[in-house]
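J.: Pasted the sequence and its predicted model underneath.
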Amino acid sequence: MLVSDFDFHLPEELIAQEPLADRSASRMLHLRRDTGVFQDRQFREFPALLRSDDLLVVNNSRVFPARLFGRRSGQRAQPLSPRNPASRDFLQGRVEVLLTRQMGANEWQALVRPGRKIGVGEKIIFTPPDSGSGDTWEGKEELEAEVVDRGEFGERTLRFAPVPDFFGYLEKVGHMPLPPYISRSDRIEDRERYQTVYSRPEERGSVAAPTAGLHFTPEILAQIRKRDIDIVEITLHVGLGTFQPVHVERVEENKLHRESFYVSEQAALRINEAMRQGRRVVAVGTTTVRTLEYVASANNGQVIAGLGEADIFIYPGYRFRVVGALLTNFHLPKSTLLMLVSAFAGRENILRAYEHAVSDNYRFFSYGDCMFIE
């Protein structure tokens with residue numbers, strides 16, 4: 001199976017750069033995977049499309065300000081003549097860091113730019129923008145990280161100097177990690193708009209939003225609960241795989257990054273009970289699908305509670321064990337997420353639906369419109 005089989009033409013102007021003022025005002029393409037028939041709807045209709053005995057599963061992970069800007073210490077750079085006009089920028093130039101996955105108490109995997117100039121042993125200094133005013137972080141104006149390893153996908157492992165509240169520091173100096181196809185800098189309003197309304201502060205850890213959930217409002221959730229439809233929360237921290245393009249020609253040769261997940265005892269109990277009763281499990285987003293299917297594939301079809309790391313790659317031919325319906329946004333051409341929805345609904349069905357979405361000016365990607373596939 002070729003990666004090029006999952007390509008489609010997408011005009012750049014359909015890539016949503018801004019969120020709608022009303023989250024629930026998004027359009028929704030409703031696709032029946034058994035017939036391939038689709039219908040134009042509004043997301044506000046979603047609660048009415050659910051069955052009374054459905055179990056809705058959402059990902060409550062919260063995005064944190066994972067994009068940092070710092071400067072090199074210059075310790076590991078090759079010496080340059082002081083007369084060289086590039087010496088200042090080369091030795092202590094600006095460095096962009098995108099934290100992608102926590103490895104330990106003070107260690108993170110990260111994408112670093114300019115990557116070629118940042119070797120093992122280099123140190124990166126991050127300074128709060130208002131440090132000159134005397135507003136220091138627990139008496140420490142700067143945060144320091146050392147590059148301790150290189151990964152197989154080009155990422156670096158950074159070891160940060162300990163601080164009392166690392167995430168609090170990121171809230172002060174970090175930027176929201178808007179996807180690369182949003183061609184603008186993040187703004188203060190993205191701090192909340194690039195979050196689901198059900199994300200939990202104690203579950204911060206994602207470097208990209210589980211975007212199918214961005215359409216929900218408290219009112220929509222209330223409508224769903226009013227119909228006595230169960231809503232279960234799980235956690236998957238979205239990592240580097242969201243940004244990583246597919247570099248192989250054949251689908252089967254692709255590998256995904258690991259992403260941390262957590263399924264509580266109560267969530268596992270309710271999901272397994274729904275499956276035993278023959279009720280439909282409706283996943284909100286591909287992150288929820290990856291978590292549920294990874295856990296079930298490792299446990300003979302049962303969802304087992306616990307912490308873990310998922311690296312499941314779902315593409316056509318995969319047999320779904322848990323998920324019976326899916327709410328999802330529109331995905332990039334030739335992406336692993338497009339392959340996942342193609343596995344769920346059929347490649348031909350998905351590509352026909354996407355062709356219609358393009359011709360009818362649906363908004364694509366993170367801040368765009370959505371699909372409900374059942």
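T.: Yes, it's here.

J.: Break this protein down into its domains, please.
T.: As assigned by automatic domain parsing, the chain contains the domains 3-63+189-373, 67-173.

J.: now Thr291: how far from Gly285?
T.: 10 Å (Cβ to Cβ, to the nearest Å). (Glycine included, C-beta is placed from N, CA and C.)

J.: Leu158 too?
T.: Distance, Leu158 to Gly285, by Cβ to Cβ: 28 Å.

J.: same thing with Arg270?
T.: 18 Å.

J.: now do Glu348
T.: Using Cβ to Cβ, we find Glu348 at a distance of 23 Å from Gly285.

J.: Between those two, point out the one with more neighbours.
T.: Neighbour totals were compared for Glu348 and Gly285, and Gly285 leads with 26 against 10 (other Cβ atoms under 10 Å).

J.: so that one touches Val323, yeah?
T.: No: the criterion here is Cβ atoms under 8 Å, and Gly285 misses it with Val323 at 10.7 Å.

J.: and His356, how many residues sit next to it?
T.: His356: 14 neighbours (other Cβ under 10 Å).

J.: Please name the residues that touch it.
T.: Leu29, Phe38 (Cβ atoms under 8 Å, 6 or more residues apart in numbering).

J.: can you give me phi and psi for it?
T.: phi -60, psi -40 (degrees, to the nearest 10).

J.: now do the one 4 residues further on
T.: The phi/psi pair for Asp360 (degrees, to the nearest 10) reads phi -100, psi 10.

J.: Test my guess that it contacts Leu14.
T.: No: Asp360 is beyond contact range of Leu14, at 10.0 Å (criterion: Cβ under 8 Å).

J.: the helices in the stretch 251-374 of the chain, which residues?
T.: Ranges of helices in the stretch 251-374 of the chain, per DSSP state H, counting those that start in this stretch, are 265-276, 286-297, 336-345, 347-359.

J.: Point out the most buried one among the ones you listed.
T.: Highest mean neighbour count of the helices of the stretch 251-374 of the chain: helix 286-297, a mean of 26 (counted as mean count of other Cβ atoms under 10 Å).

J.: now it: how far from the chain's centre is it?
T.: Here the centre of helix 286-297 is set off from its chain's centre by 14 Å, with Cα atoms, centre = their mean, to the nearest Å.

J.: Give me the mean pLDDT for that helix.
T.: Taken as a whole, helix 286-297 carries a mean pLDDT of 97.

J.: Restricting to C-alpha, output that helix in CSV.
T.: The C-alpha coordinates for helix 286-297 follow below in CSV (Å, rounded to 0.1, in the frame of the first residue of the first chain):
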residue,chain,number,x,y,z
THR,A,286,-8.1,10.0,16.5
THR,A,287,-6.2,10.4,19.8
THR,A,288,-9.1,8.6,21.6
VAL,A,289,-9.1,5.9,18.9
ARG,A,290,-5.4,5.3,19.2
THR,A,291,-5.6,4.9,23.0
LEU,A,292,-8.6,2.6,23.0
GLU,A,293,-7.4,0.4,20.2
TYR,A,294,-3.8,0.2,21.5
VAL,A,295,-5.0,-0.9,24.9
ALA,A,296,-7.6,-3.4,23.5
SER,A,297,-5.1,-4.9,20.9
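
J.: outside of it, which residues touch it?
T.: For helix 286-297, the surrounding residues in contact (Cβ under 8 Å, 6+ apart) are 57-59, 61, 210, 212, 234-236, 238, 259, 261, 263, 271, 281, 283, 302-304, 308, 310-312, 314, 318, 320-323, 326, 328, 331, 337, 340-341, 344.
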